[in-house]
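Engineer: I need the structure of the sequence given here:
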Amino acid sequence: MASETQKKLIIMLHELRGVLLSAKVPFFLIGGSAIGAVREHDIIPWDDDVDVGIKRDHIPQFLTAVQHSDLMKRYKLIIPGQTPNYYFPTYKLLWDLSGTDAPKDAGTGFQGVFIDVFALDKTYTSKPRRRLHQLQIRLDQIRLDIAMGHPESGTKLGPLHKILVRQAAKHSKSQLLTHYLRDIQKHQGLTKGYMYYNFGSPYAWDRETYHVDEVASAVMRSFAGEQYPIAVGYDTILTRMYGDYMQPPAQSKRQPKHLS
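Structural biologist: Coordinates of the predicted model:
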């Protein structure tokens, strides 16, 4: 039986689906939500959020569609670089339940239920060039972490950590965030030799990559009573991320990851 959080998530997702389809914004269910569409045809029983992926080129269209819809009467749209005191690269549609006994997101402190919308950004298919991009983003993250009061971030980098501490001290959190977001998007102009990457992913480097042919189109799968798009290359994508994704994890690992 779906939890109260999951019931709210499904309501939100169905409403978001209607807005995006009406505005012809291409999107996919990704990550655990894509597994749910393929394996359970529903939200994974222990999941506590929904993951949507949209290519960066379509993010402006997504923002316009949502901001001019009735969704804004009921939910908050969390926008990286615009929402105060939010220092992550992921967009969120938030059902704000502040002041209630609803659980809070461990990462952001938001109280309520949310859909994560991940921008899929271009990076190089060339591994050495991609590693440079990934390293640049990681250093941006560490500087921002340090500025937010987490000096332990990046200590394994040795002498480089001291340099990052000095750099973080010279800039405001907003400035560091702007630099971080700009670096994520710096290769959007690539026309060949690129793949898509989720820089908001919690996983290790290259675990959540999307080759161009894998996200060239969508296939529809049933999810919570409606048809939703998932990437045409979903099997390769999910196998790369999770291994045998059709096999549910051990009982001890079937736990919510975000809300507490």
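Engineer: name every strand pairing with the longest strand along the chain and say which way it goes.
Structural biologist: Determined from DSSP state E, the single longest strand within the chain is strand 112-124. Paired with strand 112-124 in the same sheet, following DSSP bridges, are strand 50-55 (parallel), strand 91-96 (antiparallel), strand 194-197 (antiparallel).
Engineer: what helices and strands are in contact with the helix or strand following it?
Structural biologist: Next in sequence after strand 112-124, counting helices and strands by DSSP states H and E, comes helix 127-147. Using 3 or more C-beta pairs under 8 Å, 6 or more residues apart in numbering; DSSP states H and E, the elements in contact with helix 127-147 are strand 112-124, helix 159-169, helix 173-184. Glycine gets a C-beta too; all of them are placed from N, C-alpha and C.
Engineer: and these, which is most packed in?
Structural biologist: strand 112-124 (a mean of 23; mean count of other C-beta atoms under 10 Å).
Engineer: export it to CSV, keeping only CA atoms.
Structural biologist: The C-alpha trace of strand 112-124 is given here as CSV (Å, rounded to 0.1, in the frame of the first residue of the first chain):
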residue,chain,number,x,y,z
GLY,A,112,7.2,18.2,2.3
VAL,A,113,7.2,16.1,-0.8
PHE,A,114,9.1,16.8,-4.0
ILE,A,115,9.9,15.7,-7.5
ASP,A,116,13.5,16.0,-8.5
VAL,A,117,14.0,17.3,-12.1
PHE,A,118,17.6,16.7,-13.2
ALA,A,119,19.0,18.6,-16.1
LEU,A,120,21.0,16.3,-18.4
ASP,A,121,24.1,18.2,-19.6
LYS,A,122,26.5,17.6,-22.3
THR,A,123,30.0,16.5,-21.6
TYR,A,124,32.7,14.8,-23.7
